[in-house]
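**Student:** please find the sequence and the predicted model below.
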Amino acid sequence: MALFEGAIFSVERRAGRDVVVHPPVAAVVALDVDDCITLVRQERVAAGGKLLELPAGFVDEGEIPLEAAKRELAEETGLHGGEWVELTRFFTSAGFTDEKLHLFLATGLEQGDASPEETEEIELVKLPLRDVPSLLEFCEDAKTLVGLLFLARERGL
């Protein structure tokens, strides 16, 4: 039974608990042909300011996570092509939401034109791969921390 219906999520009672029902999300650790990582900085009202994050977005109904990841990356950053692998899948906060995040690593990406949604104000942040370890202590976004840690392990940083 739905207790609340919002534009992005709903709340249901399951086994006596309130659960935020949220669509799945795809996020990308994006490395271009120069081995630079591209992150996005954007306003997050719930966090009270701008966060540095991996490019990410909803997996639309009928879409597979890889398609969503490629679409979101191209829209937000203009990056496309390359080699893609799914690093992991995880629940973002299983204590209260069923949101599942699919995390991809994309390498050898080429730059194109971004086309963010009209409501998105995105600042692109491009850094050399060697700077990834220093980002960890400043990053406050969980999906980004997970992605950067996977990248550090994959690349021996």
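**Tutor:** Looks like it arrived, so ask away. A quick note: this is a predicted structure, and the numbers were derived from the prediction, not measured.

**Student:** when you work out contacts or count neighbours from here on, use the C-alpha atoms and nothing else.
**Tutor:** Will do.

**Student:** which strands or helices does the helix or strand where Leu52 lies pack on?
**Tutor:** Using DSSP states H and E, Leu52 falls within strand 49-53. Strand 49-53 sits against strand 36-44, helix 142-155, with contacts defined as 3 or more CA pairs under 8 Å, 6 or more residues apart in numbering; DSSP states H and E.

**Student:** show me where the protein has strands.
**Tutor:** Along the chain, the stretches classed as strands by DSSP state E are 2-5, 10-14, 17-21, 25-32, 36-44, 49-53, 56-58, 79-80, 83-91, 100-111, 123-128.

**Student:** save the helices and strands packed on strand 49-53 as JSON lines, and put in mean neighbour count and distance to Leu135 too.
**Tutor:** Supplementary listing: the helices and strands packed on strand 49-53 in JSON lines, determined by neighbours: other CA atoms under 10 Å; distance: least, CA to CA, whole Å:
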{"stretch": "strand 36-44", "mean neighbour count": "19", "distance to Leu135": "11"}
{"stretch": "helix 142-155", "mean neighbour count": "17", "distance to Leu135": "8"}
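
**Student:** how about those in TSV, adding distance to Thr77 and mean pLDDT?
**Tutor:** Converted to TSV, the helices and strands packed on strand 49-53 look like this (distance: least, CA to CA, whole Å; pLDDT from 0 to 100):
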stretch	distance to Thr77	mean pLDDT
strand 36-44	8	94
helix 142-155	16	94
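
**Student:** ok, which of the ones you listed comes nearest Glu120?
**Tutor:** Proximity to Glu120 (CA to CA) singles out strand 36-44 among the helices and strands packed on strand 49-53, at 7.8 Å.

**Student:** I'd like to know which elements the closest one is packed against.
**Tutor:** Strand 36-44 packs on strand 25-32, strand 49-53, strand 123-128, going by 3+ CA pairs under 8 Å, 6+ apart.

**Student:** go with 10 Å
**Tutor:** In terms of contacts (3 or more CA pairs under 10 Å, 6 or more residues apart in numbering; DSSP states H and E), strand 36-44 is packed against strand 25-32, strand 49-53, helix 65-77, strand 100-111, strand 123-128, helix 142-155.

**Student:** before we move on, the earlier item: list the buried residues for the strand holding Leu52?
**Tutor:** Neighbour counts using 16 or more other CA atoms under 10 Å place 51-53 of strand 49-53 among the buried residues.
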